[in-house]
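Novice: Give me a 3D structure for the following:
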Amino acid sequence: MFGNLSPDGYGNVYLLNKTMKEKTEKPQYKLGLALAGGGARGFAHLGVFDALEEIGLKPDIISGTSAGSLAGALYADGYSSKEIMELFKDVKFGELATTSIPRNSFFKTKGLASFLKKHLRAQTFEELAIPLRVMVSDIEQGEKVLFDSGELIPAILASCAFPIMFEPVKIGNRYFVDGGLFENLPVSAIRKDCEKVIGMNITPLCPMKYSRSFKYMVERSLHYLMISNSLHDRELCDYLIESVELGKYPLFEMNKINEIYQIGYKLASSYFEENKERIQKDFFAPPKQESLLTKIQKLFS
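Specialist: Purely as a prediction, here's the structure:
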């Protein structure tokens, strides 16, 4: 549930742990798509976009956390999955995350900022072809915060800035970090505004052989954190796509993005095939005809 907040005049921002009167009107959007965070596994989201289009569906609104916000922003900006893959074809992790002298993080987001400035056509949320909501975390106040208007790039950078690994992003007078700290699968961000929501969870619970390395400890700690705060949002989905197969891919390695895309595509295609009757009923069934009694009541109301 959203409560309005306007810090420093920066667009429309929502504090998701505030309450307001429940909405009773019909949802504004038919289909919402919630994209989870998960580093390089986010390329699986591109496969979902293609699988959706193949069955004649496209989201009316997208919510994203971390890698989900990045994939969602590019798709909402009009890029096809093939075009997004082409943008990242020769990109290495080090080009997106520049090394920082350890103070409050190991990496800066300048590389990702340059990448987004070069390729994003939309500079604000309002310019996107599909509405987008980006989940971030206020590191000082301990609150999950949602951006849906104003400048686009700072919100994406903040949503992708996992603490310790990346420096916080300052927006106005506040410091924001990865939205996955509080809500890695941002279904609640769009739930009340959508008739149906498809959730793509790229960080399901799965084992990983122990390794005595700093990288292993960071990834596993992040993994369990994201899983624990996704439990409630998984239950809010009308359709939930996830697989432990994605769990074998490291969060910060970019050398297997084609494999990850293919897994996302095959996973979503199989899921849609298994649920084709329900999908047909929810999205393609002809509208119900009004009864004669309803028509008469409307005539005299």
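
Novice: only C-alpha atoms for contact and neighbour calcs from this point on.
Specialist: OK.

Novice: Residue 178 - how many residues pack around it?
Specialist: By other CA atoms under 10 Å, 30 other residues sit near residue 178.

Novice: residues contacting it?
Specialist: Taking CA atoms under 8 Å, 6 or more residues apart in numbering, we find residue 178 in contact with 65, 66, 135, 136, 137, 158, 159, 160, 161, 162, 163.

Novice: give me phi/psi at the fifth one?
Specialist: Looking back up the chat, that one is residue 137. Per-residue torsions, residue 137: phi -130, psi 130 (degrees, to the nearest 10).

Novice: residues in contact with it?
Specialist: 143, 144, 145, 158, 159, 176, 177, 178, 179, 180, 181, 182.

Novice: burial measure for the nearest residue to residue 188 once chain neighbours are set aside, as a count.
Specialist: Closest residue in space to residue 188, ignoring its immediate chain neighbours: residue 233 at 6.4 Å, by CA to CA, 6 or more residues apart in numbering. Burial of residue 233, expressed as a neighbour count using other CA under 10 Å, amounts to 20.

Novice: same thing with residue 270?
Specialist: Residue 270 has 14 neighbouring residues, counting by other CA under 10 Å.

Novice: can you confirm it is in a helix?
Specialist: Yes. Using DSSP: H, G, I helix; E, B strand; the rest coil, the secondary structure at residue 270 is a helix.

Novice: circling back: can you tell me which of the contacts of residue 137 are in helices?
Specialist: When DSSP state H defines the helices, the subset of the contacts of residue 137 inside them is 158, 159.

Novice: Out of the contacts of residue 137, list just those in strands.
Specialist: Secondary-structure check on the contacts of residue 137 using DSSP state E: residues within strands are 143, 144, 145, 176, 177, 178.

Novice: before we move on, which element is residue 259 in?
Specialist: Residue 259 is located in helix 257-274, with elements delineated by DSSP states H and E.

Novice: Now which of the contacts of residue 178 would you call buried?
Specialist: 65, 66, 135, 136, 137, 158, 159, 160, 161, 162, 163 (16 or more other CA atoms under 10 Å).

Novice: can I assume the third one is in contact with residue 154?
Specialist: No. In terms of CA atoms under 8 Å, residue 135 does not count as a neighbour of residue 154; the distance is 11.9 Å.

Novice: re earlier: any chance of the buried ones among the contacts of residue 178 in a markdown table, plus pLDDT?
Specialist: Formatted as a markdown table, those follow (pLDDT from 0 to 100):
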| residue | pLDDT |
| --- | --- |
| 65 | 96 |
| 66 | 94 |
| 135 | 97 |
| 136 | 97 |
| 137 | 95 |
| 158 | 96 |
| 159 | 96 |
| 160 | 92 |
| 161 | 90 |
| 162 | 83 |
| 163 | 79 |
